[in-house]
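[1] need coordinates for the below:
(4 chains)
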2 protein chains.
Amino acid sequence: MGASKTEHFTYRQNEIAILAKALGHPARIAIIEHLLKVNTCICGDIVNELPLAQPTVSQHLKELKNAGIIKGEIEGNTICYCIDEKIINKLQTYFTDIFEKIENSKKKCC
Amino acid sequence: MGASKTEHFTYRQNEIAILAKALGHPARIAIIEHLLKVNTCICGDIVNELPLAQPTVSQHLKELKNAGIIKGEIEGNTICYCIDEKIINKLQTYFTDIFEKIENSKKKCC
DNA sequence: AAGCTTTATCGTAATATTACAATATAAAAT
DNA sequence: ATTTTATATTGTAATATTACGATAAAGCTT
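    Next up, the predicted model:
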């Protein structure tokens, strides 16, 4: 096999899984952190920051974009990428909810 | 290729990526949500909750365990799985930090 | 002890991911 | 118009993931 049985799970479960999967590579975490560091949409220079070849970086950017985590706007010669805060907020809320549920759980064990 | 160049990234970047990757499958999100729902360490019954064969579920549990997201304790015949709240807290904090950095950013664009 | 229950492991097929060289595209600069 | 610069796409090899049948392991039950 190799293909996930996504149709058996809820929309929400797939949604979170797709976001998590997109962040499931150190290069893509590094891209996100670089976008945060420069504090503005970045046009280019991501390739120079990463220890990977240009096509590989382009591929990682595409995956982040497909998941909706970053947005890219063409600006003349270059492309302006930035993080979609709504998506980050979605993840933040998701993990906050889980954490609170665990904390409030009476029947703690382990 | 197919193997990630993990050695080129920071410990922290790899750490977050490993956690995100482990959550990057709807079945594993469903497992986490089931563990939350039953509100106690679960012994068995995860297989019955998921639309996947027992070896597949066992494999997904192993991945969550390897990433440190769940812990499993043998209890006689069965195994008692539960979520490691420290790890969830780590993810929560990570995304909260990112979100705040974006929010506080002066140079918003996009 | 023999059988039952629960979970893990092995083996393997189908598919996906990662990485990059080569090439393409498209705007900017000369 | 040609060259340069920036990014994307194509093709492809190496590796990883997903799923599951078959089987193993290990504790209960009788």
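[2] who's in contact with A:Glu85?
    A:Glu85 sits next to B:99, B:102-103 when contact means Cβ atoms under 8 Å, 6 or more residues apart in numbering or on different chains. (C-beta placed from N, C-alpha, C; glycine too.)
[3] in chain A, what helix or strand scores lowest on average pLDDT?
    strand A:42-43 (a mean of 62; mean pLDDT, DSSP states H and E).
[4] for chain A, which helix is longest?
    Counting residues, the longest helix found in chain A (DSSP state H) is helix A:85-104.
[5] which of the contacts of A:Glu85 count as buried?
    B:99, B:102 (16 or more other Cβ atoms under 10 Å in any protein chain shown).
[6] do a quick rundown of the strands in chain A.
    A:42-43, A:70-75, A:78-83 (DSSP state E).
[7] report the contact partners of the nearest residue to A:Ile18 once chain neighbours are set aside.
    Counting by Cβ to Cβ, 6 or more residues apart in numbering or on different chains, A:Ile18 lies nearest to A:Ala67, which is 5.5 Å off, once chain neighbours are set aside. Taking Cβ under 8 Å, 6+ apart, we find A:Ala67 in contact with A:18-19, A:21-22, A:87.
[8] 6 Å instead?
    A:18-19, A:22 (Cβ atoms under 6 Å, 6 or more residues apart in numbering or on different chains).
[9] ok, now A:Ile29?
    Contacts of A:Ile29 by Cβ under 6 Å, 6+ apart are B:13, B:16-17.
[10] neighbour count, pLDDT and distance to chain A added to those, as a markdown table?
    Shown next, in a markdown table, are the contacts of A:Ile29 (neighbours: other Cβ atoms under 10 Å in any protein chain shown; pLDDT from 0 to 100; distance: Cβ to the nearest Cβ, whole Å):
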| residue | neighbour count | pLDDT | distance to chain A |
| --- | --- | --- | --- |
| B:Gln13 | 20 | 98 | 4 |
| B:Ile16 | 23 | 98 | 5 |
| B:Ala17 | 22 | 98 | 4 |
